[in-house]
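Peer 1: build me a structure from this.
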Amino acid sequence: MIDPLGVVVLVGTLVVAGSWAAPWLRLPAPLLHLFLGLLSGFVPAVREIHLPAEVVLVLFLPALLFWEAFTTPLREVRRDMRVILLLSTLLVVATAYGVAGAGVALGWSWMAALVLGAALAPTDATAVGGLARALPHRNAIQLRAESLVNDGTALVMFTITAGVAVSGVSLTGWQVTGLIVLAYLGGGAIGLAAGLLGTLVLKRLPDAITANAAMVLLPFAAFLAAEQVHASGVIAVVVAGLVISQTVPRTGTAQSRQQMTSFWTLTTRSLNGALFVLIGIEAQSAVRAVPAASLPGLLLFCGIAWIVLLLIRFVFQVLTAWLLRLVDRRPSQRGRRMSHRARVVSTIAGFRGAVSLAVALAVPSGIPGHDQIVFVATGVVVLTLTVQGVLLPWAIRWGRFEPDTAMADELSTAQRRSTLAALEAVEDLALRVGAPDPVRDRLMGEYRDRLRRIDGAGDGSDPSLWAADPEYAALGLAVLEHKRSVLIGMRDGKAISDTTLRVLQTRIDRDVLRLAPPPPIE
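Peer 2: Model prediction:
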């Protein structure tokens, strides 16, 4: 048995190795993390590692969902709100009952099959974010938003189903409706309150480290508060993340925002990688937990359940589009329509992941078929991540999507307008702060040069400030690197201290980031 520190080192090593090797192998990093977890499960000591459901629901889920919500553009969510709500509610219910029906047809009890259906119903936000990055912007945002909300629907459905299965007490339709309303409205209200309260707190925390510590606390506090009143912690975290995404640009400082982005990017990618590694390891445990004689039937159910998920998702999207066309014939609605090819791609991109596995692991041991539920859930998760993960790049090419330059064009337009507005305001601002004329003229010259560079980019395909002049960026980076080497030499020669080097190197790093190519658009 590996001690806890050994588990941390092992999982961390596999996450780093997978992230490093993925570009070389031209595989998505989450897929490689899953394979590494599966391979490590053949080591006898590793087989004893288990993924407690509480760890996913309490540690991983709030952090991952909060950052996914924070980085999901609210404008795009509003544009496709009807489709997102239908996919994250009715599709979850339809999927759960479809899987349950397949289970009953194979001889499972109705309650065990429905619990499994609730576990497999939601798409996974972390899996979608990790594997569907190549999708056009609108399609990717719609998938991410759906995955953020449908976790809450599935967890509510699971709680109700598992409670009935354990207690044997049936609930009336009104009682079920009340629980669902409490979960959504309660979770939404708590998330809104948490986001607004977090905004007030952040306004009063000028220190970047303290402000970001409060940001780390926020999703866990929202999740806990919602769970205490039996509302949806997932919905609370998602709403809090969306609220904070709208208020942070006005409340935070430049240093706190840079620190926040760096911290959350590192943390969520590490947690995401660890989840896929642990799913791979858990797959080994699921195989060993069931009798060998039942493996053929369970493997068959894994395949059938996986096909049911795909069929229901595609058919539901077609029916939803048809119904929306009947009730809404506005030109703007026609502009939102997607082709059947796009719906096939969306179907393939509907990955299942850690949430499904966590729900399956949270099944009370008193429910008959507990081990079989975990096995099938794990098998379906592995199938979606591996088969669909491999098929998705091909499907995106087959989907014949129009070139998606909307975000790049928008970035270029916004950069030009803000730079032009800044240039027009320089004279008034110089008078306000008391800047002398030579300083004002120098700054105006720099902004005119920036405007020329932005206009020179032309097609908007690369909105980087220096895209039109790569030679300037190359020379600037070379000069900064030389400056850095001189400072390091001074430190090595005992002419300056480590503290002086660190302060000056931080300033150089900021200039390097200004000249470096922009990060990819999420």
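
Peer 1: what mean pLDDT does stretch 341-357 have?
Peer 2: In this model, stretch 341-357 has an average pLDDT of 87.

Peer 1: in that stretch, what counts as buried?
Peer 2: 342-357 (16 or more other C-beta atoms under 10 Å). All C-beta spots, glycine's among them, are computed from the backbone N, C-alpha and C.

Peer 1: show me where the stretch 201-350 of the chain has helices.
Peer 2: Remark: helices assigned in the stretch 201-350 of the chain by DSSP state H, counting those that start in this stretch are 208-228, 233-251, 254-289, 295-327, 331-335, 340-348.

Peer 1: typo on my end, the stretch 401-522 of the chain
Peer 2: 406-433, 437-457, 470-492, 498-515.

Peer 1: want to throw these into CSV with mean pLDDT, distance to residue 104 and mean neighbour count?
Peer 2: Output for these, formatted as CSV (pLDDT from 0 to 100; distance: least, C-beta to C-beta, whole Å; neighbours: other C-beta atoms under 10 Å):
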stretch, mean pLDDT, distance to residue 104, mean neighbour count
helix 406-433, 80, 45, 14
helix 437-457, 80, 59, 14
helix 470-492, 82, 62, 13
helix 498-515, 82, 57, 13
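
Peer 1: out of these, nearest to residue 217?
Peer 2: Checking the helices of the stretch 401-522 of the chain against residue 217 by C-beta to C-beta gives helix 498-515 as the closest, at 26.5 Å.

Peer 1: next, the angle from the closest one to helix 254-289.
Peer 2: 90 degrees (axes from the mean of the first three to the mean of the last three C-alpha atoms, to 10 degrees).

Peer 1: name the helices or strands packed onto helix 498-515?
Peer 2: helix 470-492 (3 or more C-beta pairs under 8 Å, 6 or more residues apart in numbering; DSSP states H and E).

Peer 1: helices or strands next to the helix it packs on in the packing?
Peer 2: helix 498-515.

Peer 1: how much space separates residue 140 from residue 71?
Peer 2: Using C-beta to C-beta, to the nearest Å, residue 140 is found at 11 Å from residue 71.

Peer 1: before we move on, what about residue 11?
Peer 2: 24 Å.

Peer 1: now residue 177
Peer 2: Residue 177 sits 33 Å away from residue 71, taking C-beta to C-beta as the criterion.

Peer 1: quick one: which of these two has more around it?
Peer 2: A count of neighbours by other C-beta atoms under 10 Å puts residue 71 above the other of residue 177 and residue 71, at 17 against 11.

Peer 1: show the pLDDT at the more buried one.
Peer 2: 86.

Peer 1: can you redo the helices of the stretch 401-522 of the chain as CSV with distance to residue 44?
Peer 2: Output for those, formatted as CSV (distance: least, C-beta to C-beta, whole Å):
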stretch, distance to residue 44
helix 406-433, 49
helix 437-457, 57
helix 470-492, 47
helix 498-515, 45
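
Peer 1: and residue 242, which of these is closest to it?
Peer 2: Within the helices of the stretch 401-522 of the chain, the stretch nearest residue 242 is helix 406-433; the backing value is 18.8 Å (C-beta to C-beta).

Peer 1: elements contacting the closest one?
Peer 2: Applying 3+ C-beta pairs under 8 Å, 6+ apart, we find helix 406-433 packed against helix 137-167, helix 437-457.

Peer 1: and the first one, how far out from the chain's middle?
Peer 2: Which is helix 137-167. Here the centre of helix 137-167 is set off from its chain's centre by 15 Å, with C-alpha atoms, centre = their mean, to the nearest Å.

Peer 1: now that helix: average pLDDT?
Peer 2: 81.

Peer 1: can you check stretch 302-322 too?
Peer 2: 93.

Peer 1: which residues are contacting it?
Peer 2: Stretch 302-322 has contacts (C-beta atoms under 8 Å, 6 or more residues apart in numbering) with 83, 86-87, 90-91, 94-95, 98-99, 102-103, 106, 116, 120, 337-338, 340, 343-344, 346-348, 350, 352, 375-376, 379-380, 383-384, 387.

Peer 1: and those, which are buried?
Peer 2: 83, 86-87, 91, 94-95, 98-99, 102-103, 116, 120, 338, 343-344, 346-348, 350, 352, 375-376, 379-380, 383-384.

Peer 1: name the helices or strands packed onto the helix or strand hosting residue 85?
Peer 2: Assessed by DSSP states H and E, residue 85 sits inside helix 81-88. On a contact count with 3+ C-beta pairs under 8 Å, 6+ apart, helix 81-88 meets helix 137-167, helix 295-327.

Peer 1: let me know which of those is tucked in deepest.
Peer 2: Highest mean neighbour count of those: helix 137-167, a mean of 22 (counted as mean count of other C-beta atoms under 10 Å).

Peer 1: ok, back up a step: and of the helices of the stretch 201-350 of the chain, who's closest to residue 15?
Peer 2: Nearest of the helices of the stretch 201-350 of the chain to residue 15, taken as C-beta to C-beta: helix 254-289 at 3.6 Å.

Peer 1: how far off helix 233-251 does the closest one point, in degrees?
Peer 2: Interaxial angle, helix 254-289 versus helix 233-251 (the same axes, to 10 degrees): 160 degrees.

Peer 1: oh, and call the first residue 7 from now on, that's how I've got it
Peer 2: Renumbered: residue one is now 7, and that last one reads helix 260-295.

Peer 1: and helix 260-295, what's buried?
Peer 2: 262-263, 265-266, 269-270, 274-275, 277-293.

Peer 1: cool, and stretch 47-67?
Peer 2: 47, 52-53, 55, 57, 61-64, 66-67.

Peer 1: now that stretch: how far from the chain's centre is it?
Peer 2: 21 Å.

Peer 1: can you give me the end-to-end distance of it?
Peer 2: 24 Å (C-alpha to C-alpha, to the nearest Å).

Peer 1: got a list of contacts for it?
Peer 2: With C-beta under 8 Å, 6+ apart as the criterion, stretch 47-67 contacts 7-8, 13, 16, 46, 157, 226, 229, 239-240, 243, 277, 280-281, 284-291, 294, 360-361, 363-365, 367-368.

Peer 1: now it: average pLDDT?
Peer 2: 79.

Peer 1: shouldn't residue 365 be in contact with residue 160?
Peer 2: Yes - judged on C-beta atoms under 8 Å, residue 365 makes contact with residue 160 at a distance of 6.7 Å.

Peer 1: which neighbours do those two have in common?
Peer 2: 124-125.

Peer 1: rewinding a little: what's the closest of the helices and strands packed on helix 87-94 to residue 405?
Peer 2: helix 143-173 (8.7 Å).

Peer 1: from the chain's centroid, how far away is stretch 25-37?
Peer 2: For stretch 25-37, the distance to the chain centre is 18 Å (C-alpha atoms, centre = their mean).

Peer 1: that stretch: end-to-end distance?
Peer 2: End-to-end distance (C-alpha to C-alpha), stretch 25-37: 10 Å.

Peer 1: about what we covered before: dump the helices and strands packed on helix 87-94 to TSV, plus distance to residue 254.
Peer 2: Listed next are the helices and strands packed on helix 87-94 as TSV, based on distance: least, C-beta to C-beta, whole Å:
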stretch	distance to residue 254
helix 143-173	18
helix 301-333	33
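
Peer 1: which residue is nearest the middle of this protein?
Peer 2: residue 74 (3.9 Å; C-alpha atoms, centre = their mean).

Peer 1: so who does it touch?
Peer 2: Per C-beta under 8 Å, 6+ apart, neighbours of residue 74: 131-132, 135, 150, 153-154, 247, 274.
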